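Enquirer: dropping the sequence and predicted coords here.
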Amino acid sequence: MNQELHKQQRLYHELSWIWPLFGTVEDYREESEIFVRYLRDNIEGSLSTLLDLGCGGGKNAFHFRRHCALTGVDISPAMLAQAQELNPPSRFVEGDMRSVDLREEFDAVFLNDSSMYMTTRDELMQLFRTAYRHLRPGGAALVTAEVTSESFVHNGCEVSNYSDDRGREVCIIEQDYRKSPDAEQFDLTFVFLIREHGRQRIENDVHTCGLFPLDFWREAPQTLGFSVREMLLETEGVVMPILVYCKPPL
Ligand SMILES: C[S@@+](CC[C@H](N)C(=O)[O-])C[C@H]1O[C@@H](n2cnc3c(N)ncnc32)[C@H](O)[C@@H]1O
């Protein structure tokens, strides 16, 4: 994914006002608490500092910062502004998760719903390197694998509806489309049916995402020195693999 491709993610730029409607902070509470527990179970020592890569609007951060000091990184200034507004005490930094180097080590690194923006195996490896570089010995990175080659549903479609107290209603249609059965990328297409005080407009947004076998998620990070543990998280009837990458203690 180059810089231009990322700017085409309109949901995180000129349409970012939709993000706070698309899942409330409260919706993130239960999972965030589970993630904190998984991290505590897998790191050596205490969980005092956490780096959230691809932190978006900071909804996980809102819950994490009750447990530890939180730093968020995102490539989108619009999303970082939302995260900072929701989490005034925390630090948010503009950066690309493939290359960012804060020259700091954290007890934990966290990635939720953002690793799919790694569009090639090489980019996913860059992300694992970023995680490794930012972990102290004995720390762990938790990564949610929302979509893998095994779980992908071609033409899978979801529709949801949201409204806010400013007279805006948004119906969001999401579709996953793979150009060929063995392609390692797919299009995540959004159509936003927006009504502002009754006046309708329709916007669309296509994100290019990566699609890799679960074995790649398991095996490739071991070449960097990570040991890998795996858990399954079930939410609303859907089972999602959670990969925990542990950096060896000194
Ligand atoms: C679906 S949102 C998820 C946000 C958050 N993790 C959550 O669970 O609510 C994906 C986020 O990843 C960010 N992102 C995409 N590519 C990125 C990159 N290369 N480096 C940093 N952030 C990136 C987007 O700007 C967006 O905020």
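Expert: Received the coordinates, thanks.

Enquirer: could you pull up phi and psi at Arg40?
Expert: Backbone torsions of Arg40, given as degrees, to the nearest 10, read phi -60, psi -40.

Enquirer: show me the contacts for it.
Expert: By Cβ atoms under 8 Å, 6 or more residues apart in numbering, the contact list for Arg40 reads Leu47. The C-beta positions use only the backbone N, C-alpha and C, and glycine is treated the same way.

Enquirer: and it, how far is that from Asp107?
Expert: 10 Å (Cβ to Cβ, to the nearest Å).

Enquirer: mind listing the shared neighbours of those two?
Expert: Common neighbours of Arg40 and Asp107 (Cβ under 8 Å, 6+ apart) are Leu47.

Enquirer: let me see the contact set for the closest residue to the ligand within the chain.
Expert: For the chain, the residue closest to the ligand is Gly56, as judged by Cβ to the nearest ligand atom, at 2.4 Å. By Cβ under 8 Å, 6+ apart, Gly56 lies in contact with 12, 19, 74, 79, 82-83, 113-114.

Enquirer: between the residues you listed, which is closest to His63?
Expert: Ranked by distance to His63 (Cβ to Cβ), those are led by Ala83 at 12.8 Å.

Enquirer: and for the closest one, the neighbour number?
Expert: Around Ala83 there are 25 other residues, counting by other Cβ atoms under 10 Å.

Enquirer: OK, contacts around the closest residue to it other than its chain neighbours?
Expert: Distances taken as Cβ to Cβ, 6 or more residues apart in numbering put Gly58 closest to Ala83, at 2.9 Å, once the chain neighbours are dropped. By Cβ under 8 Å, 6+ apart, the residues touching Gly58 are 52, 72, 82-84, 86-87, 90, 92.

Enquirer: so which of those are also by the ligand?
Expert: Among the contacts of Gly58, no residue lies close to the ligand (Cβ under 6 Å from any ligand atom).
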